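How does the following fold in three dimensions:
(2 chains, ligands or ions: 2)
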Amino acid sequence: MKDQTSHITRRDLLSRSAALGTAFVVGTSYVASSTAAWAMEVAHLQPATMATLIQMARDIYPHDHVADEHYATAVKGYDSEDAKDMVEAGIAALNAAAVGQGFPSYVDTGWERDRVDILRGMENSAFFQMVRGGLVTGLYNQKAVWPLFGYEGESYSQGGYIDRGFDDINWI
Amino acid sequence: MAAPFELSDDSVVVIIGTGAGGGVLANELAQKGVSVVALEAGGRYLPQDYINDEWESFGQLAWLDARTTSGDWRVANDFSGLPAWIVKAVGGTTTHWAGASLRFQDHEWKAKTNYGNVQGANLLDWPIDPREMDDYYTKAEDKLGVTRTGGRAGLPGSNNYKVFEAGAKALGYKEVHTGRMAINSAENDGRMACQQTGFCFQGCKWGAKWSSAYTDIPAGEETGNLEVRERAHVLRIEHDDSGKATGVVYADADGNEQRQSARIVCVAGNSIESPRLLLNSASNLFPDGLANSSGQVGRNYMRHMTGSVYATFDKPVKMWRGTTMAGIIQDEARHDPSRGFVGGYELETLALGLPFMAAFLDPGGWGREFTTALDSYENMAGMWIVGEDMPQETNRITLNYDVTDQYGLPAPNVHFDDHPNDIAMRNHAYKQGMAVYEAVGATRVFPTPPYPSTHNLGTNRMSENPRDGVVNKWGQTHDVANLFVSDGSQFTTGAAENPTLTIVALAIRQADHIAAEMNAGNI
Ligand SMILES: Cc1cc2nc3c(=O)[nH]c(=O)nc-3n(C[C@H](O)[C@H](O)[C@H](O)COP(=O)(O)OP(=O)(O)OC[C@H]3O[C@@H](n4cnc5c(N)ncnc54)[C@H](O)[C@@H]3O)c2cc1C
Ligand code: SF4
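Ligands and ions are numbered 1, 2, ... in the order given. I've put the predicted structure just below:
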């Protein structure tokens, strides 16, 4: 993800972007974190739509020790010709619900609980269920997030755990 | 060494499926000099091919053909297209299985007699005396190298087991140990000891866990009497005017139809595909499906009463290290109606990797209640509940003509409603399972709903009287003398124990019977 925009310097990026909420900046064809720690090009969705989708992903499966970049990876696949209409409509509905509750937009609510309330209101929609269902593998099957949960993944190449702590706890 | 038999060779025994039932039967018959053609829908994967990655392995091995669900079980809602977790590969679901290998308790062979009339349950006694099974169980344990039997040592206890054992002892449970497992605790049968890699559900890359894929099947092939045809998906069984099975029609790897003649046909496609195949083989002579004069083909589908209990602690457990199933509490396996249900259940440790935990902990769940549980993944311990469920006539596999598979055949629909006995038992087991972890300081406990069925049983059940079931005490269909059922679908009732040891013991027994009947010229 970083590679695609590596030609853009941090200063460049921020000077050509507009803030979206506090977490994101968006340009004409990309979304980035407000610190420019990562950036992602979007070809089919509006950059603001992708940013909102990333926020929605975090609000569905919030892990405070998992950076936005991994949520961005999890939903990147929706930036496609096939998915774009459904996603634009879904995010538009999300923003409309936020406006209905007196917020400027979904990402501009401040407290997570306000966004969760909005999500609860659309929990049974096909759009919500598609995003939630996709995240189960999109987020948790990313090898890069496994270490953040302590999960060690493949172990055969290291000879299993027979000599590497399969029975190493001593607190019990 | 594969023994190529002609398609027109009508002296062979054709076995459909090469899992616990079919794989063992194929080898046992081959060892006796019987010519066998085993047809397997899946491909051949061996330890070097297995993948230490939950979803990737699932994609490699799982049966993903179209299936549908109905009924009040939660699986129909959470995993509507995936009622069961079954493998499509040479070796069948013995590539995925955890290896727990328990004998039935005597009273479980006679559920109707011992449990009495349970309303809504279609209980029946097995037409087998428990003593007839003793030697076959011993043979099965020796074949599988089951720990804590035949002088074989138990496996060492993992972290997940240590937590479980301490909780069990604190509750006063007595029968607590690291299980009777078809996993080598020491080198055995040319296969090495378990290296505690923790991917038993993905195929054991060390070959330490028994699977017919790399034991019975190659052993049978070595005799020259067994030919295994992989990627051969059987579409229907054919018969002659006298109602005798004459052969099977299958789709080969290229999708072309082939017909293999047979002297005897044995169906071992697991409890969804086996009845489906009989139903799909309906003819003028057998309008309701082959061997279905009782109307019981596809009925009495059982999946064991299951669920899981996970718990988080304030310190690390790292449950994914070591065998997927690492220990058992057997105290609740007894039949004791004072608990509010008939039959009993086992508690067995279970570990899932992070990807599967996210999918199975609380399907459909989201938000912080869900994610804070996963935040403590490293500090999590887990167990699986497996108990006897009630056979019900209305829990059944039917043909769904609205959905077809890749061959244009109607897909199986799996209908399941929990029986009140199943629910009472599950609630009891959740309570006990949570108490085990709370006794050793769990900070949170999670009574987790059932996964897609891993134990699929009963849909061609064994009965004394042809009116009550599909096969006799040898697994021979009541209606067609040279047609056998050789997998878990023969089960009259499910018992509390994981089924595979019993499937294997029955397959060894069936091989003796088939060979004797062939020699006597009876079939
Ligand atoms: C994750 C998991 C863990 C498990 N753990 C345990 C455990 O610890 N202990 C235990 O006792 N049991 C366990 N089981 C259950 C065990 O795997 C099954 O009980 C056992 O494998 C069933 O044997 P079977 O012969 O009935 O079917 P299977 O082993 O499933 O074999 C059926 C075979 O038939 C093939 N087939 C189906 N239809 C056709 C067709 N039309 N044409 C050709 N081939 C066909 C399939 O591809 C498959 O290879 C577990 C299962 C799973 C999924
Ligand atoms: S834990 Fe043992 S049995 Fe399981 S896959 Fe690893 S080596 Fe095989």
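
quick one: low-confidence ranges for the chain?
As the question left the chain open, I've gone with chain A. The model of chain A has pLDDT under 70 over residues A:1-8.

should've been chain B
B:1-3.

Tell me which stretches of chain A form helices.
Shown for chain A, the helices assigned by DSSP state H span residues A:10-15, A:47-60, A:68-75, A:81-100, A:112-121, A:126-138.

any idea which of those helices is most buried?
Across the helices of chain A, averaging neighbours per residue (mean count of other Cβ atoms under 10 Å in any protein chain shown) puts helix A:47-60 on top, at a mean of 24. Where C-beta positions appear, they are placed from N, C-alpha and C, glycine not excepted.

I'd like the helices of chain A written out as TSV, with distance to B:Val14 added.
Shown next, in TSV, are those (distance: least, Cβ to Cβ, whole Å):
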stretch	distance to B:Val14
helix A:10-15	66
helix A:47-60	50
helix A:68-75	47
helix A:81-100	45
helix A:112-121	55
helix A:126-138	39
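
Adding distance to ligand 2, write the ones you listed out as a markdown table.
A markdown table is the format used below for the helices of chain A (distance: least, Cβ to the nearest ligand atom, whole Å):
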| stretch | distance to ligand 2 |
| --- | --- |
| helix A:10-15 | 46 |
| helix A:47-60 | 33 |
| helix A:68-75 | 29 |
| helix A:81-100 | 38 |
| helix A:112-121 | 39 |
| helix A:126-138 | 22 |
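
and residue 96, what does it touch?
Just going to use chain A. Going by Cβ atoms under 8 Å, 6 or more residues apart in numbering or on different chains, A:Ala96 touches no other residue.

could you do chain B instead?
Counting by Cβ under 8 Å, 6+ apart, B:His96 has contacts B:Leu61, B:Trp85, B:Val87, B:Phe201, B:Gln202, B:Gly203, B:Thr454.

what helix or strand is it on?
Assigned by DSSP states H and E, B:His96 falls within no helix or strand.

ok, it to B:Trp63 distance?
Computed as Cβ to Cβ, to the nearest Å, the B:His96 to B:Trp63 distance reads 10 Å.

quick revisit: and the contacts of B:His96, which two are the farthest apart?
By the measure Cβ to Cβ, B:Gly203 and B:Thr454 form the most distant pair in those, at 14.8 Å.

Please enumerate the shared neighbours of B:His96 and B:Trp63.
Common neighbours of B:His96 and B:Trp63 (Cβ under 8 Å, 6+ apart) are B:Val87.

residue nearest the centroid of the chain?
I went with chain A, as the question did not name one. In chain A, the centroid-proximal residue (Cα atoms, centre = their mean) is A:Tyr71; its distance is 2.5 Å.

Wait, chain B was what I had in mind.
B:His455 (4.2 Å).

Quick check: closest non-adjacent residue to that one.
B:His304 (4.5 Å; Cβ to Cβ, 6 or more residues apart in numbering or on different chains).

number of nearby residues for the spatially closest residue to B:Gly157 that is not a sequence neighbour?
In space, and not counting its chain neighbours, B:Gly157 is closest to B:Thr178: 5.3 Å by Cβ to Cβ, 6+ apart. Neighbours of B:Thr178 under the rule other Cβ atoms under 10 Å in any protein chain shown: 24.

in terms of contact, does B:Thr178 touch B:Pro156 like I think?
Yes: between B:Thr178 and B:Pro156 there is a contact at 7.0 Å, judged by Cβ atoms under 8 Å.

so where do the helices sit in the stretch 201-350 of chain B?
For the stretch 201-350 of chain B, the helices defined by DSSP state H, counting those that start in this stretch cover B:216-222, B:270-280.

Adding mean neighbour count, write these out as JSON lines.
Shown next, in JSON lines, are the helices of the stretch 201-350 of chain B (neighbours: other Cβ atoms under 10 Å in any protein chain shown):
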{"stretch": "helix B:216-222", "mean neighbour count": "22"}
{"stretch": "helix B:270-280", "mean neighbour count": "27"}
